[in-house]
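# Have a look; sequence and predicted model below, questions after that.
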Amino acid sequence: MSFIKKYFHKILLLSCIILSLLNLINCWIFKIEYVFLSENQILYIYSSLAQVIGALLGLTIAGYSMVDSKLKTLSETDTTITEYVEDTRHDYYISLMYIIILSTINIILCLIVLAVYDNVFNLLAPFSMTETVIIFVYIMIELIRFVCYLNRIQ
C-alpha cells in the first residue's frame, strides 16, 4: 500500500504523458479516426464535458475545505495524532492540486475543441478531442482516490 501511495501520482502522470504522446503521434502521422461526430454532437459533448468538470471541481474544493477544517480541529484537540493528521492534510492538498490542474487543462481543451471543431485540416481539433477524454479519465481516477481516502479516514 505504501508503494501505491508513494508513486501513484508519478505513475498517473507518466501514463498520461505516454497516452498524450501516442495521441499526438496518431493525430499528426497516422490520422486514424474511429469515431466520427456531427457538429451538434461535438458541441453538445464538449460543452457538457466542460460543465461537468467545472461542477466536479467546485464540489471537490468545497469538500476539501470541509475536510481540512475538520482535520485541523481534530489535530488541535488530540495532540497524539498531530503528525498523522498533518500527513493526511498534505496528501489531500497534493491530490486537490492534481485535480485542479487537470480540470483546468481539460476545460481549456474543451473550449479549444468548441472553437476549432469545424476546421478539418487542423491538427489541434482531433488532438484536443481525444486529449479531453484521456484527461477526464485521469480526473475521475484522482477523484475516486480522493473520496476513497476520505472514507478510509472516517
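Yes, it's here. Numbers count the residues shown, from 1 in each chain.
# Tell me the helices and strands packed up against the helix or strand hosting Ser65.
Assigned by DSSP states H and E, Ser65 belongs to helix 39-77. Secondary-structure packing of helix 39-77 (3 or more C-beta pairs under 8 Å, 6 or more residues apart in numbering; DSSP states H and E): helix 82-116, helix 124-153. Backbone N, C-alpha and C define where each C-beta goes, glycine included.
# what ranges of this structure fall below the confidence cut-off?
By pLDDT under 70, the weakly predicted segments of the chain are 1-2, 120-121, 151-154.
# Restrict stretch 140-154 to CA atoms and write it as CSV.
Written as CSV, here are the backbone C-alpha positions of stretch 140-154 (Å, rounded to 0.1, in the frame of the first residue of the first chain):
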residue,chain,number,x,y,z
MET,A,140,-12.1,10.6,-12.4
ILE,A,141,-9.3,8.3,-11.2
GLU,A,142,-8.0,11.0,-8.9
LEU,A,143,-11.5,12.0,-7.7
ILE,A,144,-12.2,8.3,-6.8
ARG,A,145,-8.9,8.1,-5.0
PHE,A,146,-9.7,11.4,-3.2
VAL,A,147,-13.1,10.1,-2.0
CYS,A,148,-11.9,6.6,-1.1
TYR,A,149,-9.1,8.1,1.0
LEU,A,150,-11.7,10.3,2.7
ASN,A,151,-13.8,7.2,3.6
ARG,A,152,-10.8,5.4,5.0
ILE,A,153,-10.1,8.3,7.4
GLN,A,154,-13.6,8.2,8.9
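# distance between that stretch and the chain's centre?
14 Å (C-alpha atoms, centre = their mean, to the nearest Å).
# in it, what's buried?
Of the residues in stretch 140-154, 141-143, 145-146 count as buried by neighbour count, 16 or more other C-beta atoms under 10 Å.
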